[in-house]
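Let me see the structure of the following:
(one chain, ligands or ions: 2)
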Amino acid sequence: MEDEKMEEHTWWKEAVVYQIYPRSFKDSNGDGIGDLRGVIEKLDYLKELGVDVIWMSPCYKSPNDDNGYDISDYRAIMDEFGTMEDFREMLEGIHSRGMKLLMDLVVNHTSDEHQWFVESRSSKDNPYRDYYIWRDPKDGKEPNNWTSYFSGPAWQYDEKTGQYYLHLFSKKQPDLNWENETVRREVYDMMKFWLGIGCDGFRMDVASLYSKTPGLPDGKGTTGLIGHEYYQNGPRIHEFLREMNREVLSHYDIMTVGEMSGVTIDEAIKYAGKKRRELNMVFQFDQDALDHDPDDKWGRRAVPLPELKKVFSDWQIRLEGKAWNSLYWTNHDQPRTVSRWGNDGRYRKESQKMLYTMLMTLQGTPYIYQGEEIGMTNSVFDGIEDFDDVEIHNCWKERVVEGHEDPEALLKAMRFRARDNARTPMQWDDSDNAGFSTGKPWLKINPNYKEINVKEALADPESVFHYMQKLIRMRKENPVAVYGVYKEYQHDNEQLFLYERVLEEEGQKARTMYVVLNFSDHEAEFEKPEEWDGAAKYLIGNMSEAPLENRTLQPYEAAVYLKS
Ligand code: GLC
Ligand code: CA
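Ligands and ions are numbered 1, 2, ... in the order given. This is a model prediction of the structure:
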């Protein structure tokens, strides 16, 4: 019982995580591609921001069909990023500054250039054949109707042996066969290798997809992602994760977060449940789903604020005392926060600050994606040739080249939703190539880099950077921001998001925090909830300090109070 009520304190609950997409972070040698020595150069910057943990998107050897999420050697560093020596130096630099490093664990699939797959495809009786999912054709076609996350069938025919292999992502990302115990051993050994070097945990790529329903039945749907009900949170997934925990995770003081496509709250409570010995937390996609057109993955719909509040409230309330939340607005797969949920024009700074005030005052571990701390925006992509992402190009081929859809309409949707928006190089200063590289950057720099860059942000006391720094400090100084129990007020209000956090711990005075957020681009009338009685002091906010009382809030105003 005791355990249920009091949230156990751990470092990974108190940590603020910063995600680096190494290809776009900092190029140290002028080839236009970010690299590990570039990361080393910027460690002091990250320390200054105040983050505790760095999650690095994959830096392993890869032919880069999906920018490193297609790994050809799990124990080597990508040539373009540097060497194992550079990696060790980077890790040492992270540790000596009191920070930690999460590796990206991509083990639902490998690259088709991984030695395992090269062996596997070479013959039907090769010892590695069963490392992947091979099936005979059915009536001369694909073994089932599943489609890939990146368009088209999830199967690729291989001439040599006359069978198809499964790939839930690109055809250069064949799915590993988790039913095969030897595969699981290989994965666990590889994890031990990185933990042995001193890494502090893993962000687990599409970890809800490892277990496929035996028999691989045809999916029920006819459009979109067909077949997902047979592999999202599949039949053996919890068994696999518990095995991984028993074999590897439980032996180290590390942090784990699973990226869980298709996760429900009930499933999350299993994945991250206190006593279940699986993972520490998961990334959910309910918030991401909100602004999608249900019939078209690229389409966009307006989101009434109560819908957004409901998603966050549900996760806060239902995980309370049972499992730990992760909190994020964006990552390398999603548009920029301020362009999606805020206002990237007139109120760019205000709205970005407001959105991150929310993230830093909810229960869970917050994740900041690179560039968010200076309020980077979606970029400008004119034609299809401006995009890099395999997801975009596959879809373009399917829908425009082969499907004869209106190219302008699809382009328009892609410009907003494209993952490339988050992947344009980091804007360090207003010099050529935004100070990212002395060479030609692998992806076009956002043209707004002259105004939006780190140098400018560091010089401006009112910048998003300095506010983010203050938010992080506030979180460290106020355990209520980390552990407090959440309660929402005035749910139907269409402009304001209001909530409190209460921390009652044995032998200590209860602490209460009140959070007031204006999500709209116009003024809003704030009526103080009756329950918010007594004196409260202003703790942090993005406008001038104001008392907790009925008043008119500025567009995108955020104000946080501590009850005294
Ligand atoms: C995850 C990654 C994404 C990648 C996919 C396949 O969703 O975040 O970038 O394309 O998995 O590995
Ligand atoms: Ca480089």
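
Count the neighbours of residue 79 for me.
Neighbours of residue 79 under the rule other Cβ atoms under 10 Å: 11. No exception for glycine: its C-beta is placed from N, CA and C like everyone else's.

Name the nearest residue to whichever residue of the stretch 301-450 of the chain sits closest to ligand 2, ignoring sequence neighbours.
Relative to ligand 2, the nearest point of the stretch 301-450 of the chain is residue 437 (7.1 Å; Cβ to the ion). Nearest residue to residue 437, sequence neighbours excluded (Cβ to Cβ, 6 or more residues apart in numbering): residue 27, at 3.6 Å.

How many residues are close by the one you found?
Neighbour tally, residue 27, other Cβ under 10 Å: 27.

can you check residue 80 too?
Neighbourhood size, residue 80 [other Cβ under 10 Å]: 21.

Residue 439 too?
Residues contacting residue 439 under the criterion other Cβ under 10 Å number 13.

hang on, the residue of the stretch 301-450 of the chain closest to ligand 2 packs against residue 425?
Yes. Checked against Cβ atoms under 8 Å, the pair residue 437 and residue 425 is within contact range at 7.0 Å.

more crowded one of those two?
For residue 437 and residue 425, the more surrounded residue by other Cβ under 10 Å is residue 425, and the numbers stand at 30 against 25.

in what helix or strand does that one lie?
Using DSSP states H and E, residue 425 is not contained in any helix or strand.

My guess is it contacts residue 445. True?
Yes. At 5.4 Å, residue 425 counts as touching residue 445 under the criterion of Cβ under 8 Å.

who touches both of these two?
Common neighbours of residue 425 and residue 445, using Cβ atoms under 8 Å, 6 or more residues apart in numbering, are 433-434, 436.

pretty sure residue 286 is in contact with residue 311, am I right?
Yes. Between residue 286 and residue 311 there is a contact at 4.7 Å, judged by Cβ under 8 Å.

Give me the common contacts of residue 437 and residue 425.
The contact lists of residue 437 and residue 425 share 27, 34, where a contact means Cβ under 8 Å, 6+ apart.

low-scoring stretches of this structure, by residue?
Low-confidence segments of the chain, defined by pLDDT under 70: 1-5.

which residues touch the residue nearest the centre of it?
For the chain, the residue sitting closest to the mean C-alpha position, by Cα atoms, centre = their mean, is residue 331 at 4.2 Å. Applying Cβ under 8 Å, 6+ apart to residue 331 gives the contacts 19, 283, 367, 369, 422.

do residue 413 as well
Going by Cβ under 8 Å, 6+ apart, residue 413 touches 296, 298-300.

how about CSV for these, with distance to ligand 1, secondary structure and neighbour count added?
Compiled in CSV, the contacts of residue 413 are given as follows (distance: Cβ to the nearest ligand atom, whole Å; DSSP: H, G, I helix; E, B strand; the rest coil; neighbours: other Cβ atoms under 10 Å):
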residue, distance to ligand 1, secondary structure, neighbour count
296, 19, strand, 14
298, 16, strand, 19
299, 20, strand, 15
300, 20, strand, 15
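
which pair in those spans the largest distance?
Longest distance between any two of these is 9.0 Å, between 296 and 300; criterion Cβ to Cβ.

List the residues that contact residue 378.
Counting by Cβ under 8 Å, 6+ apart, residue 378 has contacts 335-336, 339-340, 344, 415-416, 421.

ranking those residues by neighbours, who comes first?
Ranked by the number of neighbours (other Cβ under 10 Å), these place residue 421 first, at 26 neighbours.

Please name the nearest non-neighbouring residue to it.
Using Cβ to Cβ, 6+ apart, the closest residue to residue 421 is residue 378 (4.3 Å).

Show me which residues of this structure are close to ligand 2?
For the chain, the residues in contact with ligand 2 (Cβ under 5 Å from the ion) are 27, 29, 31, 33, 35.

Now do the second one: how many residues are near it, please.
Residue neighbour count, defined by other Cβ under 10 Å, stands at 14 for residue 29.

Please verify my assumption that it contacts residue 37.
Yes. The pair residue 29 / residue 37 is scored as a contact, 7.2 Å apart, by Cβ under 8 Å.

for the single longest helix found in the chain, which positions count as buried?
With secondary structure taken from DSSP state H, the chain has its longest helix at helix 181-197. Neighbour counts over helix 181-197 (16 or more other Cβ atoms under 10 Å) mark 183-184, 186-188, 190-191, 194-195 as buried.

Using JSON lines, please lay out these together with distance to residue 150.
Shown next, in JSON lines, are those (distance: Cβ to Cβ, whole Å):
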{"residue": "183", "distance to residue 150": "23"}
{"residue": "184", "distance to residue 150": "25"}
{"residue": "186", "distance to residue 150": "25"}
{"residue": "187", "distance to residue 150": "23"}
{"residue": "188", "distance to residue 150": "28"}
{"residue": "190", "distance to residue 150": "25"}
{"residue": "191", "distance to residue 150": "26"}
{"residue": "194", "distance to residue 150": "27"}
{"residue": "195", "distance to residue 150": "31"}
